[in-house]
Every structure is written in structure tokens, then in C-alpha cells.
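Asks: only geometry, no sequence info:
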């Protein structure tokens, strides 16, 4: 039942919580509860006590009166003032305070945050500035890579007719792309053409080929009709 030496000789006390939590308790239970709160504050694990039932009896002043001691524990538990856990196999009891545990977690969190802040200050502004500068350069490189434009290229040696172009040619009744490929390559190679997307350029070539071929057929048909009309006029 040893108490730990603490660097916090005082603790927060909330009168409203005390009045609310103890209204249904007997005077004996209230007295025991305030003693337990003080004991949990100085406990090695703040906010939690684990004692044997005999030790608990001695602490509250009811030695050799297990019925009274256990009755007070049950009263604290059923009222919701404390969290009580009995371990019958080891003849022990654990008492916990939700308020003290919550405040202790917050205190440790605040302490850790302050220690981190002090550590960062110890590193010095120069080192932090260097880290920020390095990060800034990395961000610039990433932005530069993301903004890099696709380069125009000459006709690629490994260019082939893709399955997509074959499907489009069949669906749209374009000229045969396998036949047109050599003419397309020769034309643009001789002119030194460059494109961002050679497949897109080939699709344009095939679409234009369909239009040109259609115009040629129309021109031939119109020429034949003109010849026929001339013969008819001379015959008449």
C-alpha cells in the first residue's frame, strides 16, 4: 500500500462533480471516497489502486470487517462514483477514478507536446530552415516534372498499325491503313514532319484519304455524264 513520491503535491478538485457524484452515497462512503481520491492521486499509477481486500479494510479503518468494507465498495460502484473491479481469485480489488485518469492522460499529452516543441527549438532555426529549403526544392522539382510537356518527334521507326486504327478504319470506311502506311511514312519522312502523337496524325491521314477518294469518284462520274451529254447534243 506504498504511496509514490509525486512532483504534483496538489490536484484539481471540482466541487460540482463531487456534489453530483456523492449525493446518493452514505456519509461513510463519502469519507472513504475522498480518501481514495487522495490515495489514487499519489498512487504509482495515478488514478488507479489495486489492493488486497485486507489492505483496503485497513486503509478505510474497518479492519476485520470485510462485509462493511465490501458494502462500501459496492456502494461506490453502483452509484457510478468509482470504477470497482473485484478479483476473487487473488482476493484483491482495483479502484479507478475516471476524472483522474482523464486529467492524467491530458497532462501527459501536454507534457509530451511541450517536450517536442523544446526539442525543435533546440535543433535551431538554421537546421529547420535547411529542411524547409530542401523540401521547397523537392516540391519545385515535382511541379516541374508534372508540367513537362510532351515533345514533338520525327516519324518513329517502330510505328505500326494499331488494332484501334484497324477498327476505326473498318467502322468509318477509311482507306486500308496497312496499304496507306507506306505512303504516310514516305510523305512525312521526306518533309521532316514532327508530331506530338503520330497515331492521331495517321488517323487524320486516313480520314482525309476517304474524303479525297470520294471527291475523285464524284469527279469521274461527273466527267462521264458530261461526255454523254456532248454526244447526245452532237447527235441531235
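Replies: Thanks, I have the structure now. Given the structure is predicted, the values throughout are model-derived calculations rather than measurements.
Asks: State the distance from the residue most central in space within the chain to residue 73.
Replies: Residue closest to the average C-alpha location in the chain (CA atoms, centre = their mean): residue 139, at 19.8 Å. Relative to residue 73, residue 139 is positioned 61 Å away (CB to CB, to the nearest Å). From N, CA and C alone the C-beta is placed, and that goes for glycine too.
Asks: Need the contact partners of stretch 51-70.
Replies: Residues outside stretch 51-70 that contact it (CB atoms under 8 Å, 6 or more residues apart in numbering): 1, 32, 35, 39, 72-73, 90-93, 95.
Asks: cutoff 6 Å now
Replies: Residues outside stretch 51-70 that contact it (CB atoms under 6 Å, 6 or more residues apart in numbering): 1, 32, 91-93.
Asks: Now find how far off-centre it is within its chain.
Replies: Chain-centre distance of stretch 51-70: 52 Å, with CA atoms, centre = their mean, to the nearest Å.
Asks: Give me the mean pLDDT for it.
Replies: For stretch 51-70, mean pLDDT rounds to 89.
Asks: One more: stretch 180-198?
Replies: In this model, stretch 180-198 has an average pLDDT of 89.
Asks: tell me which residues of it are tucked away?
Replies: Using 16 or more other CB atoms under 10 Å as the test for burial, stretch 180-198 gives 180-181, 184-185, 188, 195, 198.
Asks: can you check stretch 25-36 too?
Replies: 25, 29-30, 32-33, 36.
Asks: Next: stretch 164-173.
Replies: Buried residues in stretch 164-173 (16+ other CB under 10 Å): 165, 169.
Asks: Which members of the buried residues of stretch 25-36 occur in helices, if any?
Replies: 29-30, 32-33, 36 (DSSP state H).
Asks: Dump those residues to TSV, plus distance to residue 78 and pLDDT.
Replies: Converted to TSV, these look like this (distance: CB to CB, whole Å; pLDDT from 0 to 100):
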residue	distance to residue 78	pLDDT
29	10	92
30	14	94
32	14	93
33	13	92
36	16	93
